[in-house]
Structure formats: structure tokens, C-alpha cells
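K.L.:
sequence isn't available, so here's the structure alone:
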């Protein structure tokens, strides 16, 4: 019903002809039409096809009719709101419609354009004759027909004289006096620029401007495939900034961003033969090398970076010093995939970080064995809790006279179904790295508190006896650590005074300010706090005084020298410092009577070690240890 009505109005001429042309274009899905067509900028031709449904929009008008000036105004509003330029001409090529976006795109105002022959100012001279020919052909279409071609590119002239390449879908509508040719067009260059900007944003880091992981992985996969992954021809370096978190936390993320931008620039300057330098995210960067001796090139690059980072970085109005841990891996006969190569480089980087940072490590056969062992351990450890393979051993802590047990330290062991009893130094580092230390630590805390409560119930543990449980740095950083301790004390019924939480010196000083808040919250629960392995880290005495500690544990490495003429002065100084701060002292690793006598002379408070008992299961401790806990 709508098509005949629109056709009758078109044949009758009069107002609103140009917007009816818009209706024909819109119903054909050609909302991005073109005013004059050209074949890829070579010819400005019309080239149209018959469309069905011309005049649908006109037919949607109330009653199919209305005051022409009303609909003319409404459709002019539509044209003006469009984001594309709209251009339309009559059968003589005289411009009849020209919206605001056409003004913006081509520089001619509506008043300048309306009524002018389009070939006199908009069609380049080399295309004018072809346009006139196509226009003449278009005028021969049957009455009542409407045609729209596919999307075309054409060239138009800007008022300032330069050419503008546009794209759109032109249409032809009506005949005789009502003939109109027109459509919407948009700037191809602007569209291409937008697409290029979007592609660049997708493949690059917005902060540093470096390629991101997506682009890096693509290039890595490409060079691996191109070179058939011959051994040594492709190398990857993974760079991780040391202690960057302290910069973010202490100076703010804006300063951290400045540091990252500065590091990225120094990486560019250090670039020798790198194929790609990319930012993985956070404080981690990736570098790709492609060539006959890619690994040597990667090592040389790492050395240049280490030298470049020795100079301070100006950020946030101050100087910031930063170093990096770098892991390097190259393609081998067995490593030909991007994922495996990146994994090896990452493992090498962690090795560098574990050795204090500010260094580089190359992934080799020995490291491969360690990585495989770690992967096996991690896989098995995931199942260890649910399979009840973890267990606790206990080692007593006695008063310095050796006459009374004051507590026990809970020490985790892993009863592996194939490897037997596994010592904690084999699996605790893996648990720390993977985050498994959180559920494992929660289990240890609950099991130890439950065991002491059980002993108290059977009158082996006195009301003053304590159980010592180690907290890792990962646990201290966990946001729910205080709630976890409080819940376990409530669930087991153990008095807070009977629980001692041990934190290593290195864990405390990793983020001293944050640790201070956590320790204060734990102390408010009523538990006892101890600093473990004292003397092996780099404690600040001011922080040591501020931490709400109760006990200081002297590391075994210092106790070993007692009685041999070595180490007495250091142990004496540590004990005196602790007593000055109001702390009780436990000496760890006491193995001989001579060591015990020396500690007694130095007024140490408590001792722990093989001289009294090895770590043993709970049942063995009750059966074989001569001193009752808390007696």
C-alpha cells in the first residue's frame, strides 16, 4: 500500500521531493548513501539497481499524506541530526539538498551549494563528463521506479581545493521534474584513521605506547613458524621490576606510572637487535629476539638494561631507583611453541628474583628439571589437602633450665603417597607462589589450635601452654587473616593467650607499614606475637620497637656458633636488645649441652631444638616427651 502512494506523490512533483528520496534510500538499508557515485575513485558513475519498497517511509506518514511543509521540516531535522553528509541533485545535476555534515565535510555552506550545478564545484574535472553521462542514463528510468546501488567510493572537491575521498550508497528516485539523485556519504580517510587508531589501541599499551601482549604473542608465533623454530634462533626475555609495589604503595600510582613510562623509554634506548619490546601489564615487560644467535643478543640486551636502570628516575618530584629481574629463554628442539617459550622465560625470571633481583638468568637444562619438579609438586599439592596427606609435627619449647615445657611449635609435613614424608622446604615455596599457602595455612592454624585444646582436655597441656604457628608473608597480606584467626579460636574454643603466631623477619619487613596494621589487629585479639629467624633479614630497629611483639626467636645460624668461641657476642647483643624492648627470647636449634649452658649464661629465656626433641607427631610427643606441656 505504501509504494503506490509514494509514487503518486513523486509523480505529482512539489514539496518534499528530496526527503522522499531519503525514504527510498532508508527502506533499502542505504542510510549511508552517496550523493554522486564513482568506481573506487576512477569514475564518478551512478550504476544503480532496482529496489523494492521505495516510499515506505512516506507510506508510514499518518494517512500517507500531510502538510508538505510539516514533513519537509521534520525530514530536514532528520538530515541535520545525521552524522553523515547528505547531498541530493535534480535531473539537471543541480543541488537540491545539502545538510550540516556536508558543510563540515566539504567546506561549502548550504546557501553556497543549493541551486548550483554539482559539476561546477563538487565533481573533479576528470570525472565530470562521466558523471553527466551517468546522470543522463539515470533520467531514462521508468516512472515510479527507485534504484539504489551498492556502497561506492568517490572523489569530491573541498571548497579549499583538495580532494576528499568519500564512501556511500547512492540512489535514484522519481522522474522528470521529480527526479532526484542523492544519498549519505562519509569521509573514508577519517574512517580509516579511526580504524587504525582502534587497531593501534587494541595492540598497544595505552600508558607506555609499547606493543601489548596480544601483538607480542602474534609476532612471537610468526617468527617461530617462519624460522621453523630452529634451536637458538628465537629468544624471549621477561623483565619484572623489583619492589615496584613499594613505589606504588609509598609514592602513589601516578608516580608508579611515571616510572613505568621512564623504564619503557630506557628499554627502547637499550634496544640493539630486539624484534619487539612490549609491556605485558603491571610492572612486567617482554622482549623478542629473532636471529642466528638470539640468546646472546638477549643476554647483551639484559646487561644494557641493568646498566640503564642504575641511573635514578625522576618521578613525582623526586628520584626513584629501580632494578629488574630478567629471565631469558630460547627455542630448542623440544620448545617450538610460544606458550612454552614464555613459560620458560618466566621461570628464569623468578629464579633471578629469588636470588635477590637486579640480575638475569638463562633457562637451561638444570632449570628445566626444577620447573618440572615444581609443576609436579604444585599439581600434587592441589590434592594434598582433600586427600588428608598433610600432617603436623610438634617440637617442644622449654624454659632455659630445661625443666618445664612452655609450648610447642606446629610444623607441617606432607605424607606423599609416592615420595614418603616431604619436608616443608620442598613444597612451602610452591604453596607461597601459587597462593595455596592460604588454604594450607588456614588448615594448619585450625589443626594446631584443635590439638592443643584436645591436650588441655586430657590434662597434658596446662592452661599456660602455647602452640606456635607460622604465618607466611602471603598470609599476612591476605585481607581476611584477622577474621580467620578469630573464627578458628572461636571454633576450637582455644583461649587467644594460648596461641602464638610467628612471622619471619623478612615477611615483616617486606611491607612494614602494612604488617604493622595487621599485627596490631591480631594483637587486639589477645594472641601472642613472635618474630622468627631474627638476624637473618634487615629489620629496622624503629619498626621493631613499634611492632606489638612479645617474643623474639634467635635463628639457629647464630646458636650454632655458641661454645666454639664464635657468635656469643652477637647472640648476647640480640638477647640484650630483646630484653630492652621488653621481649622474651627463644633460641632455636639448640643441639648440645654446651650451647644450652652458653644460653643460660646469656640470660636467654627459652630454648628449642634437637637437644630436647625432634619434631614428632602429636601422639609421640605425649608418649615420649618427659615434660608435660604447660606443667
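P.N.:
In hand now; what should we look at? Since the structure is predicted, the reported quantities are computational estimates derived from the model, not experimental observations.
K.L.:
can you list the domain ranges for the protein.
P.N.:
Domain segmentation of the chain under automatic domain parsing yields 2-193, 204-363, 388-624.
K.L.:
closest one to residue 374 among those domains?
P.N.:
domain 388-624 (5.8 Å; C-beta to C-beta). Just so you know, the C-beta spots here come from the backbone N, C-alpha and C atoms, and that holds for glycine as well.
K.L.:
the closest one: end-to-end distance?
P.N.:
End-to-end distance for domain 388-624: 25 Å, by C-alpha to C-alpha, to the nearest Å.
K.L.:
next one: that domain to chain centre, how far?
P.N.:
Between the centre of domain 388-624 and the centre of its chain there are 36 Å (C-alpha atoms, centre = their mean, to the nearest Å).
K.L.:
now it: average pLDDT?
P.N.:
Domain 388-624 shows a mean pLDDT of 90.
K.L.:
what's the answer for stretch 337-349, then?
P.N.:
Mean predicted confidence for stretch 337-349 is 92.
K.L.:
next: stretch 260-279.
P.N.:
Mean per-residue pLDDT for stretch 260-279: 91.
K.L.:
would you map the strands across the stretch 401-550 of the chain?
P.N.:
405-416, 420-422, 466-471, 499-504, 528-534 (DSSP state E, counting those that start in this stretch).
K.L.:
partners of the third one in the sheet?
P.N.:
Partner strands and pairing direction for strand 466-471 (DSSP bridges) are strand 405-416 (parallel), strand 499-504 (parallel).
K.L.:
ok, the second one next?
P.N.:
Strand 420-422 has its sheet partners listed here by DSSP bridges as strand 405-416 (antiparallel).
K.L.:
same question for the partner strand: list its buried residues.
P.N.:
Across strand 405-416, burial judged by 16 or more other C-beta atoms under 10 Å covers 405-414, 416.
K.L.:
so where's the stretch 201-350 of the chain uncertain?
P.N.:
For the stretch 201-350 of the chain, the stretches with pLDDT under 70 are 227-229.
K.L.:
neighbours around residue 571, how many?
P.N.:
23 (other C-beta atoms under 10 Å).
K.L.:
and it, that's in a helix?
P.N.:
Yes: per DSSP: H, G, I helix; E, B strand; the rest coil, residue 571 lies within a helix segment.
K.L.:
that one and residue 555 touch, don't they?
P.N.:
No: the pair residue 571 / residue 555 is not scored as a contact, 9.8 Å apart, by C-beta atoms under 8 Å.
K.L.:
number of nearby residues for the closest residue in space to residue 212 that isn't next to it in sequence?
P.N.:
For residue 212, ignoring the flanking residues on the chain, the nearest one in space by C-beta to C-beta, 6 or more residues apart in numbering is residue 205 at 4.9 Å. Neighbourhood size, residue 205 [other C-beta under 10 Å]: 19.
K.L.:
ramachandran angles for residue 205?
P.N.:
When read as degrees, to the nearest 10, the backbone of residue 205 gives phi -80, psi 130.
K.L.:
need the contact list for it.
P.N.:
Applying C-beta atoms under 8 Å, 6 or more residues apart in numbering to residue 205 gives the contacts 211-212, 278-279, 281.
K.L.:
switch to 10 Å and redo it
P.N.:
The contact partners of residue 205, by C-beta atoms under 10 Å, 6 or more residues apart in numbering, come to 211-213, 215, 260, 264, 278-281, 285.
K.L.:
brilliant, that's me finished.
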